[in-house]
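Q: quick one, structure for this:
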Amino acid sequence: MKLVNIDPTAIKHDLETHSGDEIVLGELWPSAVLVPVIQKDDNFYILFTVRTRDVEHHKGEVSFPGGARDDADKSLQDTALRETFEEVGIRQEDINVLGKLGDHKTPSGFHITPYVGFIPPSYKYDPSLIEVDQVLEVPIDFLWEIYKKGPQPITFRAGAKPVLAYEYIYEENRIWGATARILTEFFKIIEESST
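A: Okay, the predicted model is just below:
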């Protein structure tokens, strides 16, 4: 049974009118990520990467493909598409960008602008051995079921008090922090587009 219906046209429209958070860049590093959506027959998936232990930031964490803006990038969307190609080998011309979400920031100092894009099914990924330990295609229905339960008490550091937040566990992979917040914002867009 399908838990959520994905309509790219409705999502594109809602992203165009979505007023997500705008965070002042200030001293933060400008960066961008892609939320890659895959349709295989009647099922939808979101692509994540598991970062290697060799990267400078967020070692071993589950994330969306993306990274810091280069001086040569004409826009943050270009950053998201370039980084997606560099990390998992998906070419820019194969990505149908629907729009962007609100800004997010990380404790490590990144200012993230996320973009939502559809990629072709059964894509032959070419992950960067330096940056990507694993490519995950996670069923949206699985993640949606967790989303619908609402935020849960989560302890982010040993000894700290639990806070209410979203956390998505898939197999042995923990999707949390900025990645979970971006995913949750995307799900709110889906929820709006299906009402």
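Q: wait, is residue 82 part of a helix?
A: Yes. Under DSSP: H, G, I helix; E, B strand; the rest coil, residue 82 sits within a helix.
Q: and it, how many neighbours does it have?
A: For residue 82, the neighbour count with other CB atoms under 10 Å is 19. Bear in mind the C-beta positions are built from the backbone N, C-alpha and C, glycine included.
Q: wait, it touches residue 70, no?
A: Yes. Judged on CB atoms under 8 Å, residue 82 makes contact with residue 70 at a distance of 7.2 Å.
Q: can you show me the strands along this protein?
A: Here the chain has its strands, by DSSP state E, at 29-40, 43-51, 62-63, 66-68, 96-100, 104-105, 110-119, 132-139, 152-154, 163-165, 168-170, 173-175.
Q: which of the residues in the second one are buried?
A: So that's strand 43-51. Residues of strand 43-51 classed as buried by neighbour count (16 or more other CB atoms under 10 Å): 44-51.
Q: then the longest one?
A: Buried positions in strand 29-40, judged by neighbour count with 16+ other CB under 10 Å: 29-38.
Q: which single one of these is nearest to residue 152?
A: residue 35 (21.7 Å; CB to CB).
Q: residue 181 versus the closest residue in space to that closest one that isn't next to it in sequence, what's the distance?
A: Leaving out its chain neighbours, the residue that sits closest to residue 35 by CB to CB, 6 or more residues apart in numbering is residue 116, at 4.7 Å. Distance of residue 116 to residue 181, given as CB to CB, to the nearest Å: 14 Å.
Q: which of the two has more neighbours?
A: Legend: neighbour count by other CB under 10 Å for residue 116 and residue 181, higher for residue 116 (25 against 20).
Q: does residue 142 touch residue 169 like I think?
A: No. Using CB under 8 Å, residue 142 is not in contact with residue 169, being 9.9 Å away.
Q: point out where the chain drops to low pLDDT.
A: In the predicted model, the chain carries pLDDT under 70 at residues 1-3, 53-60, 194-195.
Q: give me that answer again for 50
A: Residue ranges of the chain with pLDDT under 50: none are present.
Q: show me which helix runs longest in it.
A: For the chain, the longest helix by residue count, based on DSSP state H, is helix 177-193.
Q: that one: which residues count as buried?
A: For helix 177-193, by 16+ other CB under 10 Å, it's 177-187, 189-190, 193.
Q: and if you look at stretch 153-167?
A: In stretch 153-167, residues buried by neighbour count (16+ other CB under 10 Å) are 154, 165-167.
Q: out of these, which one sits closest to residue 6?
A: Nearest member of those to residue 6, counting by CB to CB, is residue 166, at 19.1 Å.
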